[in-house]
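**Q** Whatever this is, show me its structure:
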Amino acid sequence: MLQLLQKVRSGDISPARALETLEILPYENLEFARPDHHRALRQGYPEVILAAGKTHEQVAAIARKLKEHNEAILITKASAECYRKVAECLDSARYNEHARIITFHKARRTKPSPGITVLSGGTADIPVAEEAAVTAEEMGNKVERAYDVGVAGIHRLLDQVPRLRQAHVIVAVAGMEGALPSVVSGLVSVPVIAVPTSVGYGASFQGLAALLAMLNSCAAGVSVVNIDNGFGAGYIAALINRAYQPKRQ
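**A** Now for the predicted structure:
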């Protein structure tokens, strides 16, 4: 809003054009979607597009509108085909195949803030872990990673303890029995965000077993997001890490 008023005062845009802009704030009606252009003002980061369940054309149309009002765009659960469609309107967009995330930036980003560590129980959990890590990175954080450190070989996790104790918040991603977050929380004094994945054999019920195990954790300090919700975990981790910023200034 301030930028808009400054442009009117400087003569860069006319009052009529400013009025047209105000008419689509705080959101714009595209019939099939209503992009929230005030999300960044309220929450510190623009609205994120979930590609799953949308056509490639719908995702591209929403991204095109968000680009007009935001410095960054994040699209989750996106396929390579969706990326190719989005790239037609966002020519500098990038695609992370492992995380299935499309990112776009208008300007150079500031120096990232350290403090977030992302763990995966196994190699098969990496796609969800990467979704969490990339989300946190896109929100201005430096992310440490340690993958395939599940409890089936506990020495692999114990080797990471000195690194874990440097973090402000930890994201622990695991399928199967979902024990990783409980063990990690017993070793550190910071919040642990547990992410159950749909990785596992039949009795894991596509991640339900891991979800219930994490919800029933005996370790204090564990919070849980939904199955395969790496994005949600990365976003929460970024919000927690943001609270540390004044202390480092």
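**Q** burial count for residue 181?
**A** 29 (other Cβ atoms under 10 Å). C-beta coordinates here come from the backbone N, C-alpha and C atoms, glycine included.
**Q** wait, isn't it in contact with residue 172?
**A** Yes: the criterion here is Cβ atoms under 8 Å, and residue 181 meets it with residue 172 at 4.0 Å.
**Q** Low-confidence bits of this protein, can you list those?
**A** For the chain, the stretches flagged by pLDDT under 70 are 22-25, 108, 246-249.
**Q** if we can go back for a sec, find residues that contact each of residue 181 and residue 172.
**A** Shared contacts of residue 181 and residue 172, defined by Cβ atoms under 8 Å, 6 or more residues apart in numbering, comprise 192-194.
**Q** top strand in the protein by residue count?
**A** strand 113-120 (DSSP state E).
**Q** Run through the neighbouring helices and strands of that strand.
**A** The helices and strands touching strand 113-120, judged by 3 or more Cβ pairs under 8 Å, 6 or more residues apart in numbering; DSSP states H and E, are helix 126-138, strand 141-146, strand 169-174, helix 230-242.
**Q** With distance to residue 220 and mean neighbour count added, can I get those in JSON lines?
**A** Converted to JSON lines, those look like this (distance: least, Cβ to Cβ, whole Å; neighbours: other Cβ atoms under 10 Å):
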{"stretch": "helix 126-138", "distance to residue 220": "22", "mean neighbour count": "26"}
{"stretch": "strand 141-146", "distance to residue 220": "22", "mean neighbour count": "18"}
{"stretch": "strand 169-174", "distance to residue 220": "14", "mean neighbour count": "31"}
{"stretch": "helix 230-242", "distance to residue 220": "16", "mean neighbour count": "23"}
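**Q** Reformat these as a markdown table; add distance to residue 96.
**A** Formatted as a markdown table, the helices and strands packed on strand 113-120 follow (distance: least, Cβ to Cβ, whole Å):
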| stretch | distance to residue 96 |
| --- | --- |
| helix 126-138 | 5 |
| strand 141-146 | 13 |
| strand 169-174 | 16 |
| helix 230-242 | 11 |
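**Q** buried sites along whatever helix or strand residue 60 lives in?
**A** Applying DSSP states H and E as the criterion places residue 60 in helix 56-67. Buried positions in helix 56-67, judged by neighbour count with 16 or more other Cβ atoms under 10 Å: 56, 58-67.
**Q** which residues touch residue 154?
**A** Contacts for residue 154 (Cβ under 8 Å, 6+ apart) come out as residue 183.
**Q** which parts of the helix or strand harbouring residue 81 are buried?
**A** Residue 81 is located in helix 80-86, with elements delineated by DSSP H and E. Residues of helix 80-86 classed as buried: 82-83, 85-86 (neighbour count, 16+ other Cβ under 10 Å).
**Q** List just the nearest of the residues you listed to residue 21.
**A** Of all these, residue 86 has the smallest distance to residue 21: 23.6 Å, by Cβ to Cβ.
**Q** contacting residues for the closest one?
**A** If a contact means Cβ under 8 Å, 6+ apart, then residue 86 has 56, 59-60, 63, 75, 78, 93, 102 as its contacts.
**Q** Check residue 112 too.
**A** Residue 112 makes contact with 137, 140-142, according to Cβ under 8 Å, 6+ apart.
**Q** Kindly report the same for residue 184.
**A** 119, 157, 164, 170, 172, 192.
**Q** now, among those residues, which is nearest to residue 209?
**A** Comparing the contacts of residue 184 against residue 209 with Cβ to Cβ places residue 172 closest, at 15.8 Å.
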